[in-house]
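1. Build me a structure from this.
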Amino acid sequence: MARPGTKRKADMRVNRSFHPATARVIAALPVFAAIAVLGACGGDASAPRELKMGHVGEPGSLFALSAEEFARRANERLPEGWEVVSYGSSQLGGDELLLQKIKLGTVDFALPSTIMSSQIDAFGLFEMPYLVRDRAHMRAIEEAVVWPDLAPLADAAGYRILSVWENGFRHVTNSRRPVETPADLAGLKLRTPSGVWRLKLFQALGANPTPMALSEVFIGLQTGVIDGQENPLAQIWGSKLHEVQQYLSLTGHVYTPGYVVVSPSRWDALPDDVRAILEEEARGVQPFVHETAERLDLELLDRIRAEGVQVNMPPREPFLEASRSMYDEYATTVQGGADLVQRATAAGSR
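-> Now for the predicted structure:
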């Protein structure tokens, strides 16, 4: 049962925002300067305190809604003095900085997605085009591959995965033309995350991929530094990218999970009851994440169309054919890669 007054605290404190100018300054600082500004959370890791959760999602995005729901649920149950607070919009830094802060112990939870493939080669599995058929297939892959194979690799690299959430099925937007075939990507300056496999994918498809932090994409599109980008609908809408793009092509080229990660050493230092609550709620919120993602996919597509963006749904086969070499490269360059692909593809099949 929740403590008296806890619900009101949870409702008010699950999401904290800085003034936008302050957030931009902090995000631009070098890692150690940023840590000094934000304040290190050193000392006794077992003492009651605020538990910071950082992510790159804008208000209303799937990341934001997921993190806020997790915080709300956890805060209803945590002992007095413990509190999860969600910091979105890259307030605590972009994905790379957040992962550094996880290792340093100055952020308690992060929600990385594509960047995990740059940290740990095997996570490139989720960069393989059209690997994940739907969310039920993703849940099967989670049980067959993520927990037995990928999670131990993440733990060894300093990132303990508590739960697998979602970033989503990714689509291409741009300001020049509809993308009906890979040939339409030729020459497009397309923003991608910094994951090496995503770069390889769009190079194979003929685009000119340009890694860029999500927080910089709107300005990049608005000023013409880049022509387009690729993201799930929830990120496109939450970051208002539809306001500076004319075309949305529902390519669905990859499905990107989101991983709730913590520092193994900081995590193990928490009291047993606190760890139990946090892990239960991190995993227990996954159905909410998937249901919300499915709802947003439908609602946001209608909203984006209503904003005047031209939407098309290209056939997938030409994109898969143009990028099939990705599977061969993953199988030959990543230890056990061929087996991971085979088991992920077969997961959930009867």
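
2. residues in contact with Pro209?
-> Shown in contact with Pro209 (C-beta atoms under 8 Å, 6 or more residues apart in numbering): 190-192, 198-199, 201-203. Where you see a C-beta, it was placed from the backbone N, CA and C, and this is true even at glycine.

3. Would you check how far apart Ala183 and Val164 are?
-> To Val164, Ala183 is 35 Å away according to C-beta to C-beta, to the nearest Å.

4. which of those two has more neighbours?
-> Val164 (22 against 11; other C-beta atoms under 10 Å).

5. my read: Met326 touches Pro129, true?
-> Yes: Met326 sits in contact with Pro129 when judged by C-beta atoms under 8 Å, with a separation of 6.2 Å.

6. Can you check which residues contact both of these two?
-> Shared contacts of Met326 and Pro129, counting by C-beta under 8 Å, 6+ apart, come down to Leu201.

7. Find the centremost residue of the chain, please.
-> Residue closest to the average C-alpha location in the chain (C-alpha atoms, centre = their mean): Ser113, at 3.5 Å.

8. got the contact list for the closest residue to it other than its chain neighbours?
-> Once flanking residues are discounted, Ser113 sits nearest to Asn167: 4.1 Å by C-beta to C-beta, 6 or more residues apart in numbering. Counting by C-beta under 8 Å, 6+ apart, Asn167 touches 62-63, 113-114, 232, 235, 256-258.

9. got TSV for those, with pLDDT, secondary structure and distance to Val172 too?
-> Formatted as TSV, the contacts of Asn167 follow (pLDDT from 0 to 100; DSSP: H, G, I helix; E, B strand; the rest coil; distance: C-beta to C-beta, whole Å):
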residue	pLDDT	secondary structure	distance to Val172
Leu62	97	helix	18
Phe63	98	helix	20
Ser113	97	coil	17
Thr114	96	coil	15
Pro232	97	coil	12
Gln235	95	helix	13
Thr256	97	strand	14
Pro257	98	strand	20
Gly258	98	strand	20
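
10. In TSV, list those residues along with distance to Pro271.
-> Listed next are these as TSV, based on distance: C-beta to C-beta, whole Å:
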residue	distance to Pro271
Leu62	30
Phe63	27
Ser113	29
Thr114	33
Pro232	36
Gln235	35
Thr256	33
Pro257	29
Gly258	26
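
11. From these, pick the one nearest Leu51.
-> Using C-beta to C-beta, Phe63 comes nearest to Leu51 of the contacts of Asn167, at 17.0 Å.

12. which residues touch that closest one?
-> For Phe63, the contacting residues are 55-57, 88, 111, 167, 234-235, 238, 258, by C-beta under 8 Å, 6+ apart.

13. same thing but at 6 Å, please
-> Counting by C-beta atoms under 6 Å, 6 or more residues apart in numbering, Phe63 touches 55, 57, 111.

14. most surrounded residue in those residues?
-> Each of the contacts of Phe63 was scored for neighbours by other C-beta under 10 Å, and His55 scores highest at 28 neighbours.

15. residue contacts, Ala67?
-> With C-beta under 6 Å, 6+ apart, Ala67 has these contacts: 53, 55, 86.

16. what's the helix or strand for the first one?
-> Read it as Met53. Element membership of Met53, judged by DSSP states H and E, is strand 50-54.

17. What are the contacting residues of that strand?
-> So strand 50-54 is contacted by 67, 83-87, 92, 98, 107-110 (C-beta under 6 Å, 6+ apart).

18. Could you single out the nearest of those residues to Arg73?
-> Nearest to Arg73, judged by C-beta to C-beta, of these is Val84 at 9.0 Å.

19. I'd say that closest one and Glu76 touch.
-> No: applying C-beta atoms under 6 Å, one finds Val84 not in contact with Glu76, separated by 10.4 Å.

20. quick revisit: gap between the residue nearest to Ser113 and Leu214?
-> Distance from Asn167 to Leu214, by C-beta to C-beta: 11 Å.

21. Likewise for Gly168?
-> Gly168 is 13 Å from Leu214, by C-beta to C-beta.

22. Same question for His171.
-> From His171 to Leu214 the distance is 15 Å (C-beta to C-beta).

23. With Asp184 instead?
-> Asp184 sits 24 Å away from Leu214, going by C-beta to C-beta.

24. same question, Ser323
-> Using C-beta to C-beta, one obtains 23 Å as the distance from Ser323 to Leu214.
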